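*Asks:* I would like the atomic coordinates for the input below:
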Amino acid sequence: MSDIEQIPVTLTVNGKKVQRFVEPRTLLIHFLREELNITGPHIGCETSHCGACTVEMNGMSVKSCTVFAAQANGAEMTTIEGMANPDGTLSALQEGFRQMHGLQCGFCTPGMITRAHTLLKENPNPSEEEIRMGIAGNLCRCTGYQNIVKAIQYAAEQLNQPETQEAAE
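*Replies:* You can find the predicted model right below:
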């Protein structure tokens with residue numbers, strides 16, 4: 001049993017409100033994985049360099065290894081587990097990664113898709129250069145990025161189709 005005082009944290013993760021008591025030093029990545037059993041975000045470098053732990057917090061990409069769970073108090077958060085469509089089918093990004101072979105070992109994929117999701121909200125029709133800049137904080141050791149870029153371009157095309165735009169509204 002720890003002698004460190006615990007503090008209450010309440011946040012909404014993938015649409016579900018959760019409340020727990022945590023030590024002030026608990027990193028968000030550990031809170032997600034160990035307290036909530038949300039294991040999509042991966043622990044990579046724990047220094048914010050690799051992006052494997054990327055989640056969306058209040059509409060922004062954050063590396064959850066650099067945020068304390070207490071700092072996320074009151075936040076709305078989406079992880080890879082919350083990226084699928086409401087009916088359970090793959091999102092345009094997930095389908096893009098599948099169709100364009102944008103993954104190999106898969107370790108970086110949850111963070112890469114989560115970052116790309118925010119990127120496409122910020123810029124619905126990015127150029128190849130903008131995509132490469134947008135994912136620069138997420139490292140992949142397997143793919144060489146070409147198919148990841150193609151996957152994000154695929155998703156942008158799908159999301160920019162008129163019938164997709166109407167469904168999203």
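
*Asks:* Could you tell me the per-residue confidence at the closest residue to Met60 other than its chain neighbours?
*Replies:* The spatial neighbour of Met60 that comes closest, neighbours along the chain excluded (CB to CB, 6 or more residues apart in numbering), is Thr118 at 6.6 Å. The C-beta positions use only the backbone N, C-alpha and C, and glycine is treated the same way. Thr118 carries a pLDDT value of 97.

*Asks:* list the contacts for Thr118?
*Replies:* 56, 59-61 (CB atoms under 8 Å, 6 or more residues apart in numbering).

*Asks:* quick one: what helix or strand has it in it?
*Replies:* Per DSSP states H and E, Thr118 falls inside helix 109-122.

*Asks:* what helices or strands is the very next helix or strand once past that helix leaning on?
*Replies:* Once helix 109-122 ends, the next helix or strand along the chain (criterion: DSSP H and E) is helix 128-134. In terms of contacts (3 or more CB pairs under 8 Å, 6 or more residues apart in numbering; DSSP states H and E), helix 128-134 is packed against helix 109-122, helix 146-159.

*Asks:* what's the most buried one of those helices?
*Replies:* Stretch with highest mean neighbour count among those: helix 109-122 (a mean of 23; mean count of other CB atoms under 10 Å).

*Asks:* got a pLDDT number for the residue positioned nearest the centre of the chain?
*Replies:* Nearest residue to the geometric centre of the chain (CA atoms, centre = their mean): Thr114, 2.7 Å. pLDDT, Thr114: 97.

*Asks:* List the residues that contact it.
*Replies:* 41, 54-56, 61, 78-80, 83.

*Asks:* And for Gln153?
*Replies:* For Gln153, the contact set (CB under 8 Å, 6+ apart) comprises 96, 128, 131.

*Asks:* How about the contacts made by the closest residue to Leu159 other than its chain neighbours?
*Replies:* Of all residues not flanking Leu159 in the chain, Ala92 sits nearest, at 5.2 Å (CB to CB, 6+ apart). Contacts for Ala92 were tallied using CB under 8 Å, 6+ apart; they are 154-155, 158-159, 164.
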